[in-house]
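Student: need coordinates for the below:
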Amino acid sequence: MTKKNSKVINLGCRLNFFESEIIKNILEQKKIKKKIVINTCAVTNQALRKSLNEVKKASEEYPDHQIFVTGCASQIEEKSFFNLKNVSKIIDNKNKTQPESYTNESLKENDNFNFPYLENFSSNRSRAILQIQQGCDHRCTFCIIPYGRGNSKSLSFDEIYKRTESILKRGYNEIILTGIDLTSYGHDLPGKPKLSEILKRLLSYQPALKRLRLSSIDPAEIDNELLGLLSIEKRLLPHVHLSIQSGDNMILKRMKRRHNREKIMTICKELKLLRPEFTFGADVIAGFPTETDEQFLNTLELIKVCDFSNVHVFPYSAKKGTPASRMPQINGQMKKKRADILRKESRKILYKKLDSKIGKSATILFESSKRSYTDEYFKVKMIFENSDKKPESGSIVNVKLISRQDDSLIAELRQ
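Tutor: Numbering: from 1, shown residues only. The predicted model follows:
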């Protein structure tokens, strides 16, 4: 980076990444120089520490730059960041994708301020992210994020339609719908439309939309309509990532989650029955306060029963101000051990699934030789005998899966 350039440092979730891309775009379009913008994360204590360290590091590396800090960590722990050297401004989470936050202009009132939109997509991005929901109305006992993102807010269908139209015109073949609590979509809108209704309308009104994915969804709000749509609509790709957190009913109650293990098993069983190609991912917390060995084993068993091949395991991290931080805590080494066991089981399931694909054909959205994904969200690395035959990023291609390398399938173009 040259001395005058600005830079965006991203931490945290996919939504943060999307927002950071928008901030980059703002800095470039407005020709803003000598600013470092750090988009922080607060999902765990480790994430908070990393966010603070990134600010300190940026201050040392770019002493003549102004540092702007935004994101969930600075929203929740504003004083901790504002007192750091060279920090010029803390930007409210809800304003971080407004250009005026980085200039001397006054902030403008905007009904869609929580739903930033990237007009100039980077040319090397093969799929588009479309945020349709923000914030969360629920208060799980372990979670600090609602305090950083605010209550649930939904984007109107008209705006979803317009943005989808723009994305498709720019040549994107796949869209990921995302949000902080995606399945709560519509609770704040007139008529309270459900996510399933919006998906049906979008797919009906946009026949050119061939590939649609959903980001992480809450099992408690997967109703029969959404389950049915996932089962029969082929343009909804056959992978869902479920925010399950635990496989034990007592722990789920203490987490203040709104589903039980039986609900998870029913969702996975019905989807596999009606659409056998379906695969499942999950977010899981290991070592939640009071978790016994038996309760932990219930989570391990659920991963096996539901065949979760893509599990994001988080050792429990007590967040100050949350109810769970005041519950009896589990030993740190025990949390780490349990997390390792869950990750090992998930890898075992994944490798078995990948091995079963060898020798078969698949359709992928080509991103790069190093990483693309099958419809079921298995990672793919491509090999080419002739580099001239390499497809364009974002194109849909048919491949033959020839081997496995760790957690990825190796593929070649199908003749």
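Student: could you measure from the residue lying closest to residue 358 once chain neighbours are set aside over to residue 63?
Tutor: Among residues not flanking residue 358 along the chain, residue 401 sits closest, at 5.6 Å (Cβ to Cβ, 6 or more residues apart in numbering). (Glycine included, C-beta is placed from N, CA and C.) Per Cβ to Cβ, to the nearest Å, residue 401 is found 50 Å from residue 63.
Student: hey, which helix is longest across the chain?
Tutor: helix 332-357 (DSSP state H).
Student: now do the buried residues in the helix or strand following it.
Tutor: Using DSSP states H and E, the helix or strand that follows helix 332-357 in sequence is strand 361-365. Judged by neighbour count using 16 or more other Cβ atoms under 10 Å, the buried positions of strand 361-365 are 362, 364-365.
Student: strands paired with strand 361-365, and their directions?
Tutor: strand 372-374 (antiparallel), strand 396-405 (antiparallel) (DSSP bridges).
Student: circling back to that earlier point, residue 401 and residue 63 - which one has more neighbours?
Tutor: residue 401 (22 against 9; other Cβ atoms under 10 Å).
Student: who's the more buried one bridged to?
Tutor: residue 411.
Student: now do it, the pLDDT please.
Tutor: With respect to pLDDT, residue 401 scores 97.
Student: wait, isn't it in contact with residue 356?
Tutor: No - contact criterion Cβ atoms under 8 Å: residue 401 and residue 356 do not qualify, at 9.9 Å.
Student: distance of the residue nearest to residue 358 from residue 229?
Tutor: 28 Å.
Student: next: residue 255.
Tutor: Residue 255 is 28 Å from residue 229, by Cβ to Cβ.
Student: where does the stretch 1-150 of the chain have low pLDDT?
Tutor: 1-3, 107-125 (pLDDT under 70).
Student: try 50 this time
Tutor: Scanning the stretch 1-150 of the chain with the threshold set as pLDDT under 50 gives 113, 120-123.
Student: hey, where'd the strands end up in it?
Tutor: In the stretch 1-150 of the chain, strands defined by DSSP state E, counting those that start in this stretch lie at 7-10, 35-40, 66-71, 87-90, 128-131, 133-134, listed in chain order.
Student: relative to residue 79, which of the ones you listed is closest?
Tutor: strand 87-90 (9.3 Å; Cβ to Cβ).
Student: can you give me how far that closest one is from the chain middle?
Tutor: For strand 87-90, the separation from the chain centroid amounts to 27 Å (computed by Cα atoms, centre = their mean, to the nearest Å).
Student: parallel or antiparallel, list what pairs with it.
Tutor: Strand 87-90 has these strand partners (DSSP bridges): strand 66-71 (parallel).
Student: partner residues bridging residue 286?
Tutor: residue 315.
Student: for it, give its distance to residue 343.
Tutor: With distances taken as Cβ to Cβ, residue 286 is found 9 Å from residue 343.
Student: overlap of the contact sets of the two?
Tutor: residue 313 (Cβ atoms under 8 Å, 6 or more residues apart in numbering).
Student: neighbour count winner among these two?
Tutor: Using other Cβ under 10 Å, the more surrounded residue of residue 286 and residue 343 is residue 286, with 24 against 16.
Student: so what's the more buried one up against?
Tutor: 296, 299, 313-316, 335, 338-339, 342.
Student: try it again at 6 Å.
Tutor: By Cβ atoms under 6 Å, 6 or more residues apart in numbering, the contact set of residue 286 is 313, 315, 335, 338-339, 342.
Student: what distance do you get for it to residue 352?
Tutor: As for residue 286, its distance to residue 352 is 22 Å (criterion: Cβ to Cβ).
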